[in-house]
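1. I need the structure of the sequence given here:
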Amino acid sequence: MRLLVTPVAQQQFNVTEDRKADMAQDAVSCFTCHTSGHTSGVFHLNPDNRPQDTRFRIDTVSLRGVNIQHFFGSKRTLRSLEDFSEVEAKTAYFDGDPVIALKKGASRFMREEIAAMAAIQNMIAFPPAPKLDISGHLNPDKATESELRGEQIFTASCSQCHPAPYYTDNLAHDLQAERFYDGRAEGLIKTFALRGIKDSPQYMHDGRCLTLEDTVEFFNLIQGLELTAQQKKDLVAFMRTL
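-> Model (predicted):
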C-alpha cells in the first residue's frame, strides 16, 4: 500500500523544467488516478503507441474487483497484475520513453515490490450488490419489475460478452464501430467487468458515453437491437443493480 500511495516523478507531473503541471511538487502515485482503489475519472493518452497521432484516449478504470481479470490493459493484453503494475511504472508515467524516464528520475521497482503492489490490488473487492444472488443474478424478491425486465433484455442481448457473475468474458472484441463514422478502426478492446458499473462514469474505454443511458444507446446502434424506449430504461435499471 505504501508503494501505491507514494508520489513518484513522471512525465506529466514532474520536478523538471519541461513538466506539464503548474506546480513542480505535483508528482503522482498509483492511487492519485485510482483513488482509494477506485478511479478519479481522469482520461489520458495510452502510453505505448507510436507515432503520436495513433495514441488512444483511455479511461482510468476502477481497480475494484481487479482480481477476477485474466489480462490487463485495454489493448495490451498483459497477463498478470504484476506485469501490468511494472509496465505502468515504466511506461505510463513517462509516455513509453525509457530514456526520458531515466533522465527524470524514474523509480525502478524491484520485482518483490511489484509483487507486493499486485497483492494489495488483488484485495480490492467489488462494491456490494444487495439485489444479486450468489450466482450474480437478480434475486426476484429484492428486484423491481423494471430491473427484472432489464435482466431479461441483458441476458438476450449482452450476456454473451458480459456473463454473470462478474459480467465479463475476460476476452477482447472488435465492435467495428468505424462502420458508423469516418475514422480509423480501433480493433480489439478488452471486455471490462460491469460489476459496480454505476459508480464509474464515463463509459467505454475512452469515455465516449457519458451515462449508462448513452452506453445503452451506443450498443443499441452497434448491435442493431432496435430496443424500445421502455426496454432501454429497463436495461439501465438492471445495470444499476450490478
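2. next secondary structure after the helix or strand bottoming out on mean pLDDT in the chain?
-> Taking all helices and strands of the chain together, the one with the lowest average confidence (mean pLDDT, DSSP states H and E) is helix 98-103, at a mean of 72. Remark: after helix 98-103, the chain's next helix or strand is helix 111-121, criterion DSSP states H and E.
3. what comes up buried for that following helix?
-> The neighbour-count check on helix 111-121 (16 or more other CB atoms under 10 Å) flags 113-114, 116-118, 121 as buried. C-beta coordinates here come from the backbone N, C-alpha and C atoms, glycine included.
4. for stretch 210-217, same thing?
-> 212, 215-216.
5. which one of the residues you listed is nearest to residue 175?
-> Here the nearest of these to residue 175, counting by CB to CB, is residue 215; it sits at 12.2 Å.
6. could you say what helices and strands the helix or strand containing that closest one packs with?
-> Using DSSP H and E, residue 215 sits within helix 212-222. Where contact means 3 or more CB pairs under 8 Å, 6 or more residues apart in numbering; DSSP states H and E, helix 212-222 is packed against helix 229-239.
7. what angle sits between the helix it packs on and helix 212-222?
-> Taking axes from the mean of the first three to the mean of the last three CA atoms, to 10 degrees, one finds helix 229-239 and helix 212-222 inclined to each other by 120 degrees.
8. which other residues reach helix 229-239?
-> Taking CB atoms under 8 Å, 6 or more residues apart in numbering as the criterion, the residues outside helix 229-239 that touch it are 138, 144, 146-151, 153-154, 158, 194, 197-198, 212-213, 216-217, 220, 227.
9. which of those fall within strands?
-> With DSSP state E as the criterion, strands contain none of the contacts of helix 229-239.
10. quick one: buried ones out of those residues?
-> The neighbour-count criterion (16+ other CB under 10 Å) marks 138, 147-151, 153-154, 158, 194, 197, 212, 216, 220, 227 among the contacts of helix 229-239 as buried.
11. how about these, which pair is most distant?
-> Every pair in the buried ones among the contacts of helix 229-239 was compared (CB to CB); the two farthest apart turn out to be 138 and 220, at 21.4 Å.
12. which SSE is the most centrally placed residue in the chain in?
-> Using CA atoms, centre = their mean, the residue of the chain that lies closest to the mean C-alpha position is residue 61, 2.9 Å off. Assigned by DSSP H and E, residue 61 falls within no helix or strand.
13. how about it, what does it touch?
-> 39, 192, 200.
14. mind listing which of those are in helices?
-> In helices, judged by DSSP state H, none of the contacts of residue 61 are found.
15. can I get those in TSV including pLDDT?
-> What follows is the contacts of residue 61, written out as TSV (pLDDT from 0 to 100):
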residue	pLDDT
39	90
192	92
200	91
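16. need those residues in JSON lines with distance to residue 234 and neighbour count, can you?
-> As requested, the contacts of residue 61 are exported to JSON lines (distance: CB to CB, whole Å; neighbours: other CB atoms under 10 Å):
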{"residue": "39", "distance to residue 234": "27", "neighbour count": "18"}
{"residue": "192", "distance to residue 234": "22", "neighbour count": "20"}
{"residue": "200", "distance to residue 234": "21", "neighbour count": "17"}
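17. dihedrals phi and psi, residue 78?
-> In this entry, residue 78 is assigned phi and psi values of phi -70, psi 140 (degrees, to the nearest 10).
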